[in-house]
Each structure stands twice: as C-alpha cells, then as structure tokens.
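>>> what follows is a protein structure lacking sequence information:
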C-alpha cells in the first residue's frame with residue numbers, strides 16, 4: 001500500500017513540511033517499512049522505531065485516536081449500512097464533510113494536551129481536557 005498508493009499520491013503534493021505518524025503495530029514497523037518512511041520523511045517520522053518515538057497507546061496525545069476515528073465511526077454506522085458499497089459511500093461522505101474549522105479545533109485541543117503533558121512532565125491528564 002505504501003509503495004503502490006501512498007508514495008505515488010504524495011508525489012502530487014509538497015511534502016517538505018509534512019510529518020508522518022504511525023502507530024506501533026508490528027506490521028507497520030518492520031525494518032523495510034521504517035527504512036522506506038525514513039527515506040521519504042527523514043526526521044519527520046513519528047513511529048515506534050522512527051526518529052521521533054511516539055508513546056505507545058497514547059490516546060491522550062493522538063488526535064486520530066481521541067477524536068477522528070470515533071467521530072467518523074459514529075456517523076458512518078448511524079444508518080447501519082447493509083452492503084460494502086453503502087459502507088464505502090458513508091465513509092467517503094463523512095470524511096468529505098469534515099470542515100477545516102473542526103480540524104482547527106482538534107489541533108487547538110491537541111496543542112493544549114501537549115502543553116499539559118510538558119508542564120506536568122508526563123503525568124496522566126485530567127478528564128476535563130478530553131472535552132471538546
């Protein structure tokens with residue numbers, strides 16, 4: 001998928017400022033994959049074995065985990081899709097409907113999470129910060 005889809009798609013964009021983040025699943029962190037991503041992103045790779053080590057299972061800090069997947073899933077399955085085509089249509093529609101303003105709020109929340117983690121030297125976050 002990386003070589004056949006992801007890299008060709010990235011070639012259509014300016015990736016000089018782009019960071020890549022992946023979770024710590026073993027299948028994503030094999031040496032060949034990490035080497036390929038390091039070649040493409042250099043020091044802008046956030047990964048279990050990358051230049052920037054992302055804390056494992058850190059839902060406090062990962063916008064994809066604390067926001068996006070739950071939000072998308074709740075809307076995708078709202079009408080209980082019965083076929084794969086219905087499911088795919090729902091996924092495409094929900095993703096297309098995400099507005100820049102929503103993503104800006106997510107980034108603001110993410111920044112406040114990072115500020116808290118820095119100030120508290122890595123202690124667990126209070127429940128209040130999870131409210132959007």
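That came in fine, so what should we check first? Computed from a predicted model, the values in this text were never measured in an experiment.
>>> what's the closest non-adjacent residue to residue 21?
residue 46 (4.1 Å; Cβ to Cβ, 6 or more residues apart in numbering). Every C-beta, even on glycine, is put in place using the N, C-alpha and C of the backbone.
>>> neighbours around that neighbour, how many?
17 (other Cβ atoms under 10 Å).
>>> which pLDDT value goes with the residue nearest to the spatial centre of the chain?
Most central in the chain under Cα atoms, centre = their mean is residue 64, positioned 4.0 Å from the mean C-alpha point. pLDDT for residue 64: 73.
>>> contact partners for it?
residue 21 (Cβ atoms under 8 Å, 6 or more residues apart in numbering).
>>> neighbouring contacts of stretch 3-12?
The contact list for stretch 3-12 (Cβ under 8 Å, 6+ apart) reads 18, 36, 40.
>>> go again with 10 Å.
1-2, 15, 18, 20, 32-33, 36-37, 39-41 (Cβ atoms under 10 Å, 6 or more residues apart in numbering).
>>> right, and the residue nearest to residue 21 touches residue 18 too?
No - taking contacts as Cβ atoms under 10 Å, residue 46 lies outside contact range of residue 18: 11.5 Å.
>>> and the residue nearest to residue 42 when sequence neighbours are not counted, how many neighbours?
Nearest residue to residue 42 in three dimensions, chain neighbours excluded: residue 51, at 7.4 Å (Cβ to Cβ, 6+ apart). Number of residues near residue 51 (other Cβ under 10 Å) recorded here: 14.
>>> gap between residue 51 and residue 40?
Per Cβ to Cβ, to the nearest Å, residue 51 is found 12 Å from residue 40.
>>> who does the worst-scoring helix or strand of the chain on mean pLDDT touch, helix- and strand-wise?
Counting by mean pLDDT, DSSP states H and E, the weakest-scoring helix or strand in the chain turns out to be helix 63, with a mean of 77. The contact analysis (3 or more Cβ pairs under 10 Å, 6 or more residues apart in numbering; DSSP states H and E) places helix 63 against helix 100-120.
>>> what is the mean pLDDT for the helix it packs on?
On average, helix 100-120 scores 83.
>>> got the buried residues for that helix?
106, 109-110, 113, 116-117 (16 or more other Cβ atoms under 10 Å).
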